[in-house]
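Peer 1: Everything below, folded, please.
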Amino acid sequence: MDERAVVAWLTERLSDYLADLETIVNIDSGSYTKEGVDQVADFFAERFAGLGAVVTRVHNDRFGDDLLMRWQGPGAGKVMVLGHMDTVYPPGTVAVRPFRNLGAQLLGPGTADMKGGLLLSLYALEALIHFDAPEPGLLTFLFDSDEEIHERHSRELIQTEAQKADVGLVLEPGRSNGAVVRARKGGMWVTFQVHGRAAHAGVNPEEGRSAILALSRLIKEVNALNGFRNGVTVNVGVIKGGSRPNVVPDEASAILDVRAWRQEDLAAVEEALRDLTRRDWGTDIRVEIALPPHKMPPMEFTPAGKKLLDLAAKEAARIGFELPFVATGGGSDGSIAAATGLPVLDGLGPVGGHAHSPQEYVDVASIVPRMALLAALMAYGPASQKG
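Peer 2: Here you go, the predicted structure:
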């Protein structure tokens, strides 16, 4: 496709994009607001079906439905486009802070994270169809409803679809400097429970075994694990313990946030934490560890991922802008997809920032160029892989 022609055509469609974004941003669609998430799903299901996509709706009783939309082009490549329809905002947020167009910026709940990105993919597909592009093959759009919470039901669906694809494109917002995300840390929340022995703090404190004191010693050892491998971070974010000032506490707990760039490092720090439970913390002191059933895997920067990033940078240059890149400590659906071995490039949505806050925004000037870039990457196929 002629990049200049694509940009010109998409520029003409920008007002339609802005109107559509206002429509979906002004729907309260927090992760636990099933009705609102389903309304967003209704919007995309109808629009993608109108472009010839085969739409499968995965029903969820408690959460919003997930969408799986397949569009078959003439090419041979298989591209997975991944995003989420849920936001972090509770019901009533839109009534207080609806969509606002400030000219250079668009404000509103979910503009950047990530309704602007979801909508970008719809218009990118329209561009491929309008220009009758011969390159796109099978495009699979997976829009889930649970990315912002730990109660994930879409994990298996993401992994299944990732195993069928050649590359994955994730619609999280671009960074404020326009960067895409090439790598993400994996992580998990770990809970330590310390058991001691209660006693009266005034009458017979010597018979007590303080779980809080044992936990304080444990926390010091936990904190020492920061940096024991490159990029490993361990944060003690929550501590609890005791019942009354006059009771030697027999229970105390801590919840940790653990992150690492590589799966092998995440496994190593997990084993180091397990080792702490095997130490002698004192007479009648027992330490237990609880690990989550599912961990957020790291999105590692692999040679195949570098190839995809290089392709994106070349396409961006043809369109007329530079494409910086970053690695970040936060996870996304792209992390789950990448754990299957799929090359993934994240942060391909419009440039934005202040997600999860009243200042959340999208940079209007970034929309058309990022839309054109996404269209080019959606046309990924054997020819692209040879470059």
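
Peer 1: Give me the buried positions along stretch 309-319.
Peer 2: Within stretch 309-319, the residues that count as buried by 16 or more other C-beta atoms under 10 Å are 309, 311-312, 315-316, 319. Every C-beta, even on glycine, is put in place using the N, C-alpha and C of the backbone.

Peer 1: roughly how far is it from the heart of the chain?
Peer 2: Averaging C-alpha positions (C-alpha atoms, centre = their mean, to the nearest Å) puts stretch 309-319 23 Å from its chain's average.

Peer 1: Not counting sequence-adjacent ones, nearest residue to the residue most central in space within the chain?
Peer 2: The centroid of the chain falls nearest to Ser332 when counting by C-alpha atoms, centre = their mean (1.9 Å). Leaving aside its sequence neighbours, Ser332 sits nearest to Glu172 (C-beta to C-beta, 6 or more residues apart in numbering; 5.4 Å).

Peer 1: Next one: the residue nearest to Gly331 when sequence neighbours are not counted, what pLDDT does it get?
Peer 2: In space, and not counting its chain neighbours, Gly331 is closest to Met296: 4.0 Å by C-beta to C-beta, 6+ apart. With respect to pLDDT, Met296 scores 94.

Peer 1: any idea how far Ala53 is from Met296?
Peer 2: 29 Å (C-beta to C-beta, to the nearest Å).

Peer 1: ok, now Asn177?
Peer 2: 33 Å.

Peer 1: same thing with Glu315?
Peer 2: 23 Å.

Peer 1: so who does Ile158 touch?
Peer 2: 82, 142, 144, 333, 336-337 (C-beta atoms under 8 Å, 6 or more residues apart in numbering).

Peer 1: Comparing Asn177 and Ala53, which residue is more hemmed in?
Peer 2: The residue with more neighbours, out of Asn177 and Ala53, is Ala53; 22 against 10, by other C-beta atoms under 10 Å.

Peer 1: my guess is that one contacts Met69, does it?
Peer 2: Yes: contact status for Ala53 versus Met69: in contact at 4.4 Å, counting by C-beta atoms under 8 Å.

Peer 1: overlap in contacts of the two?
Peer 2: Counting by C-beta under 8 Å, 6+ apart, the common neighbours of Ala53 and Met69 are Phe141.

Peer 1: need the helix or strand of this protein with the lowest average pLDDT.
Peer 2: Lowest on mean pLDDT, DSSP states H and E among the helices and strands of the chain sits helix 382-385, with a mean of 54.

Peer 1: Show me how this protein divides into domains.
Peer 2: 3-184+298-385, 186-290 (automatic domain parsing).

Peer 1: Of the ones you listed, flag the one that's most buried.
Peer 2: Compared across the domains of the chain, domain 3-184+298-385 shows the largest average neighbour count, a mean of 20 (mean count of other C-beta atoms under 10 Å).

Peer 1: Just list the residues touching Ser154, thanks.
Peer 2: Shown in contact with Ser154 (C-beta under 8 Å, 6+ apart): 66, 142, 144-147, 333.

Peer 1: And His59, by the same measure?
Peer 2: Counted by C-beta under 8 Å, 6+ apart, His59 has contacts Asp65.

Peer 1: What distance do you get for it to Phe44?
Peer 2: According to C-beta to C-beta, His59 and Phe44 sit 16 Å apart.

Peer 1: cool, Asn235 as well?
Peer 2: Distance from Asn235 to Phe44, by C-beta to C-beta: 36 Å.

Peer 1: Which helix or strand contains Glu126?
Peer 2: Per DSSP states H and E: Glu126 is located in helix 116-130.

Peer 1: surely Ala162 meets Glu156?
Peer 2: No: using C-beta under 8 Å, Ala162 is not in contact with Glu156, being 10.6 Å away.

Peer 1: which stretches of the protein have low pLDDT?
Peer 2: 381-387 (pLDDT under 70).

Peer 1: Which residue ranges of it form helices?
Peer 2: 3-12, 14-25, 34-50, 93-96, 116-130, 155-162, 211-223, 263-277, 303-319, 333-338, 367-378, 382-385 (DSSP state H).

Peer 1: residue ranges for the strands of the stretch 151-300 of the chain, please.
Peer 2: Along the stretch 151-300 of the chain, counting by DSSP state E, counting those that start in this stretch, strands occupy 167-170, 180-184, 186-195, 199-200, 233-241, 247-248, 251-260, 286-290.

Peer 1: Tell me which of the helices of the chain sits nearest to Pro358.
Peer 2: helix 93-96 (8.8 Å; C-beta to C-beta).

Peer 1: if we can go back for a sec, could you list which of the contacts of Ser154 belong to strands?
Peer 2: Secondary structure from DSSP state E places 66, 142, 144 of those in strands.

Peer 1: out of everything not next to it in sequence, what's closest to the first one?
Peer 2: Translated: Asp66. Leaving out its chain neighbours, the residue that sits closest to Asp66 by C-beta to C-beta, 6+ apart is Val58, at 4.1 Å.
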